[in-house]
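>>> Sequence below, structure please.
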Amino acid sequence: MTNARLIMVALTWLVPAGALAHGANGHPADPDLHVDAALEDCSVQFAPELSQGAFRRFAREFGSIGAFKPMSPPKTLGQWGFAIGIEQIFFSVEERSDAWNDTFAHPDSYHELGTDLAFPKLRARFGVSDDLDLGVFYTEQPKANYGWIGLEAKYGLLQQNETTPISLALRGAYTKTLFVEDMDMHALGFDVSAGRTFWNVLTPYLGLGADLVLARETSDVVELETEGPAVPHALGGLEVRFWHVALGTGVHLATLTSFQVQAAAVF
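Next up, the predicted model:
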């Protein structure tokens with residue numbers, strides 16, 4: 001995973017990211033922040049004040065925002081097809097809520113988490129057969145203590161052709177939250193999506209699904225029950241493909257709304 005980490009560090013310089021990039025910026029210290037001077041950046045670290053209700057909300061929001069999301073139309077790659085891309089995800093949180101304030105620690109009292117966050121992802125897909133794609137994604141905050149790795153399988157129920165006007169796919173995914181010592185978090189997701197390609201270039205698509213998040217607290221400072229929220233979501237996206245280049249954008253409507261942009265090479 002060392003090579004993936006080096007790539008993620010490079011992407012944080014190349015791709016604008018709003019997550020965890022803060023400083024004093026001329027404002028006064030925030031006395032409500034939980035401070036750990038040993039940290040380089042805002043990191044997941046539970047405070048003794050964390051309540052069961054706040055942990056439940058954090059599991060729902062943090063778990064669903066990290067869950068492996070689709071960022072391609074329902075049409076599969078075809079056997080031996082391959083795609084690799086970089087993605088940027090954008091979302092907003094209520095940083096002053098207990099769910100986010102009591103689950104994050106900061107290098108100092110000037111170093112807020114921020115409301116508008118973003119981070120890059122690496123993702124790849126491989127066509128096992130004409131109807132089945134397998135995929136993987138990886139991301140982390142290099143100076144913080146959290147990241148995600150995920151696996152997906154997409155099965156093409158319908159493929160657009162002369163007699164079938166749309167493509168239809170069923171997708172399942174698994175996501176593991178990495179590096180966090182105070183919790184063990186997993187997410188299982190599924191969705192069904194439909195799309196249509198126009199002029200062999202432009203493909204809009206829509207979908208519905210849900211993520212089941214399992215979050216088990218493993219901290220030394222609190223004792224909380226395991227949470228397992230189910231988070232339904234709706235999704236929409238648009239991909240423009242020319243030759244071996246695919247550019248995409250998408251939105252996922254769930255507990256938190258996220259926006260994604262992606263550039264991929266497809267073979």
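>>> quick one: buried residues of stretch 132-146?
132, 133, 135, 137, 138, 139, 140, 141, 142, 144, 145, 146 (16 or more other CB atoms under 10 Å). Yep, even glycine has a C-beta here, placed from its N, CA and C like the rest.
>>> Around residue 209, how many other residues sit close by?
23 (other CB atoms under 10 Å).
>>> and it, that's in a strand?
Yes. According to DSSP: H, G, I helix; E, B strand; the rest coil, residue 209 belongs to a strand.
>>> Give me the next element, helix or strand, following the lowest-mean-pLDDT helix or strand in the chain.
Here the helix or strand of the chain ranked lowest by mean pLDDT, DSSP states H and E is helix 2-14, holding a mean of 49. Going down the chain from helix 2-14, the next helix or strand is strand 43-44, by DSSP states H and E.
>>> if we look at the helix or strand following that following strand, which residues are touching it?
Under the assignment DSSP H and E, the closest C-terminal helix or strand after strand 43-44 is helix 52-66. With contact meaning CB atoms under 8 Å, 6 or more residues apart in numbering, helix 52-66 is reached by 44, 89, 91, 93, 97-100, 102-103, 148, 175, 177, 185, 187, 211, 213, 215, 217, 222, 224-225, 227-229, 231, 233, 254-256, 258.
>>> Please indicate which of those residues are buried?
44, 89, 91, 93, 98-100, 102-103, 148, 175, 177, 185, 187, 211, 213, 215, 217, 222, 224, 227, 229, 231, 233, 254-256, 258.
>>> so residue 33 touches residue 114, yeah?
No. Between residue 33 and residue 114 there is no contact under CB atoms under 8 Å: 11.9 Å.
>>> Those two: which is more packed in?
A side-by-side neighbour count of residue 33 and residue 114, using other CB under 10 Å, places residue 33 first with 20 against 16.
>>> Now do the contacts for residue 254.
Residue 254 neighbours (CB under 8 Å, 6+ apart): 64, 65, 211, 231, 232, 233, 234.
>>> Find the nearest non-adjacent residue to it, please.
residue 233 (3.9 Å; CB to CB, 6 or more residues apart in numbering).
>>> quick one, phi psi at that neighbour?
Reported as degrees, to the nearest 10, the phi and psi values for residue 233 are phi -150, psi 150.
>>> Give the bridge partners for it, please.
residue 209 (DSSP bridges).
>>> ok, it - contacts?
Counting by CB under 8 Å, 6+ apart, the residues that residue 233 touches are 64, 191, 208, 209, 210, 211, 252, 253, 254.
>>> any idea how far residue 118 is from it?
19 Å (CB to CB, to the nearest Å).
>>> still on that earlier bit, show me which pair in the contacts of residue 233 is furthest apart.
64 and 208 (14.4 Å; CB to CB).
>>> Thought residue 198 was touching residue 165, still the case?
No. Counting by CB under 8 Å, residue 165 stays clear of residue 198, with 11.1 Å between them.
>>> okay if I get the contacts of residue 233 as CSV plus pLDDT and distance to residue 242?
Formatted as CSV, the contacts of residue 233 follow (pLDDT from 0 to 100; distance: CB to CB, whole Å):
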residue, pLDDT, distance to residue 242
64, 95, 33
191, 97, 26
208, 98, 29
209, 97, 29
210, 97, 34
211, 97, 32
252, 97, 25
253, 97, 29
254, 96, 31
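>>> Nearest to residue 75 among those residues?
Using CB to CB, those come closest to residue 75 at residue 191, 14.9 Å.
>>> so who does residue 150 touch?
When contacts are taken as CB under 8 Å, 6+ apart, residue 150 is in contact with 67, 68, 136, 137, 138, 173, 174, 175, 176.
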